[in-house]
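J.: from the sequence below, what's the structure:
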Amino acid sequence: EFQALLNNDTFTPVKLPAGRKAIGCRWVFKLKRKPDGSVDRYKARLVAKGFSQRPGLDFGQVFAPTARWAALRAILALAAIEDLELHSLDISNAFLNGDMHHEVFMQTPEGFREQYGDGEVLKLNRALYGFKQAGREWHEKLDKTMQEMEFKLVKSDSSIWVYQRGQERIIAPVYVDDLTAVTTSAAQYHRIRDQLSQHFKLKDLGPTSSLLGVSIERDRSKRTIKLSQCQYTKDILNRFALGDISTVSTPLPPGHQLSKQQAARTDEDVAYMRTVPYSQLVGALMYLAIATRPDIAHSVGLLARFSSDPGVAHWKALKHLCRYVQGTKDFKLCYSPDPGAMGRFVAYADADFGGDLDSRRSTSAMVVKMGTGAISWSSKLQSIITLSTTEAEYISAVAAAQEIIWLRNLFKEIGYEIKGASVLYLDNQSAIAVSRNPEHHGRMKHLDLRHYWLRDVCKASLVDVQYISTKRMPADILTKTLPRPAVVESCEMLGLR
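T.: Numbers count the residues shown, from 1 in each chain. Sure thing, here's the model as predicted:
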């Protein structure tokens, strides 16, 4: 690792100027594992103590974009349906390629101080892990390189680059240092790999088999791609001593309700809750809900509301969710062509009117399916208190329409422009009527004007709102707790098998 820093001209030994302070650093050692849990490699990394940096002097802007999971899943589903080539590249020591635009000094690292003279510090020429601006500097360097290779940065997601020349198309989503190349032929992939290797040190990982800890299985003969986090699930359950718990068939008991009134109040309950890792376990499950498990998104979101002051009832509900995850750890999110699908993708919106016991706010849910699997989903409390089911469902539909427009823009930029309106399914007839025409004035007259944007996109033939029965609504599991038969049906509709 240190030799890589020297080879990359990361820093220059200098005397510390008067009035300046050198930032500390430390070595971080990590054991990297493959998706199946086996050891990949032992890794050492020099990390700066960026928390001691001073704004305006040591750094300026720090924002650095990363690809959204919805965009990554959409591209993976596209690769499955269109039978595109899918390969992965790992850019070694990615942050070290970024150029520093501020004068920053760092102390010499432990184990190498004898190589430098007394009083010498390291002036940074390149970004280093730990510095606040390192991610931004790396993204700017990568963007400049990709533009030299005639790639264009997608505005809908600022970590996706696309190359288009006639029938040739290359889509390259990047998550920090993990680049996934989606091409129409293997020759195109070899070309982009060879061009990037002239600028960065690369590791060719071959056909994509994992991405951000998610295992990817592909069967090109059937045009299917399956995403799973089985090993991640086992790891978090073992970490919290829950690896041998019994299983249940629902994320939470049907009809089970939680509130802030169930927080720990007695001295005994407060002492007990201090011994359980409630927030840590919720956070670990949240990555499952974000990446591959829409069936637990509502339960995780509900339990996360009580992280600041959980009670015994909340902890029992969280362990119930872990039992469900234990029994479904082999679930895979499957993408394959759906002959009955209407358009490139279809969206579903649903709401649970006044479901939150503490605020009486409703829960909005949204699912977007591409082929047989969900590529985007959301379950969250609405920002306002709605006064009717019509209003709650309509506001949920507005949020789903926003996701539709974003996905339409994304597909257009990567070369798959969508003709005609995208279908949005609701299970509430009055909400559908309101989305098309100014009906039910008495129920809707108090809404903020921004909510009527849905009528504009429907009138522009960008979104087509249609009715679907509740039994066929995959977003239902993202609004409330359901009995076992409904959970099984919802998982099947979401593409979880």
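
J.: which stretches of this structure have low pLDDT?
T.: 117-118 (pLDDT under 70).

J.: roughly how far is stretch 420-439 from the heart of the chain?
T.: In terms of Cα atoms, centre = their mean, to the nearest Å, the centre of stretch 420-439 is found 28 Å from the chain centre.

J.: can I get that stretch in PDB? Just the C-alpha atoms.
T.: Extracted in PDB, the C-alpha atoms of stretch 420-439 (Å, rounded to 0.1, in the frame of the first residue of the first chain):
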ATOM      1  CA  GLY A 420     -45.900   6.700 -24.900                       C
ATOM      2  CA  ALA A 421     -47.100   7.100 -21.400                       C
ATOM      3  CA  SER A 422     -45.800   5.000 -18.500                       C
ATOM      4  CA  VAL A 423     -48.500   3.100 -16.500                       C
ATOM      5  CA  LEU A 424     -49.100   3.900 -12.900                       C
ATOM      6  CA  TYR A 425     -51.500   1.500 -11.100                       C
ATOM      7  CA  LEU A 426     -53.600   2.600  -8.100                       C
ATOM      8  CA  ASP A 427     -56.200   0.600  -6.200                       C
ATOM      9  CA  ASN A 428     -58.400   3.600  -5.300                       C
ATOM     10  CA  GLN A 429     -60.900   4.800  -7.900                       C
ATOM     11  CA  SER A 430     -61.400   8.200  -6.400                       C
ATOM     12  CA  ALA A 431     -57.700   9.000  -6.400                       C
ATOM     13  CA  ILE A 432     -57.500   8.000 -10.100                       C
ATOM     14  CA  ALA A 433     -60.400  10.300 -10.800                       C
ATOM     15  CA  VAL A 434     -58.600  13.200  -9.000                       C
ATOM     16  CA  SER A 435     -55.400  12.500 -10.900                       C
ATOM     17  CA  ARG A 436     -57.200  12.900 -14.200                       C
ATOM     18  CA  ASN A 437     -59.700  15.700 -13.500                       C
ATOM     19  CA  PRO A 438     -60.500  18.300 -10.800                       C
ATOM     20  CA  GLU A 439     -63.100  16.000  -9.200                       C
END
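
J.: could you list the buried residues of it?
T.: By 16 or more other Cβ atoms under 10 Å, the buried positions in stretch 420-439 come out as 421-428, 430-432, 434-435. Where you see a C-beta, it was placed from the backbone N, CA and C, and this is true even at glycine.

J.: now render the residues you listed as CSV, adding distance to F63 and secondary structure.
T.: CSV is the format used below for the buried residues of stretch 420-439 (distance: Cβ to Cβ, whole Å; DSSP: H, G, I helix; E, B strand; the rest coil):
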residue, distance to F63, secondary structure
A421, 34, coil
S422, 30, strand
V423, 35, strand
L424, 32, strand
Y425, 36, strand
L426, 36, strand
D427, 39, coil
N428, 39, coil
S430, 42, helix
A431, 37, helix
I432, 39, helix
V434, 38, helix
S435, 35, helix
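
J.: now for those: which two are most distant?
T.: S422 and S430 (21.9 Å; Cβ to Cβ).

J.: tell me the centre residue of this structure?
T.: Against the mean C-alpha coordinate of the chain, by Cα atoms, centre = their mean, the closest residue is W69 at 3.5 Å.

J.: correct me, but it touches A291?
T.: Yes. Between W69 and A291 a contact is recorded at 5.9 Å, counting by Cβ atoms under 8 Å.

J.: on that earlier part again, from Q261, how far out is the residue nearest to the centre of the chain?
T.: Separation of W69 from Q261 (Cβ to Cβ, to the nearest Å): 34 Å.

J.: need the contact list for D269.
T.: Neighbouring residues of D269 by Cβ atoms under 8 Å, 6 or more residues apart in numbering: 311-312.
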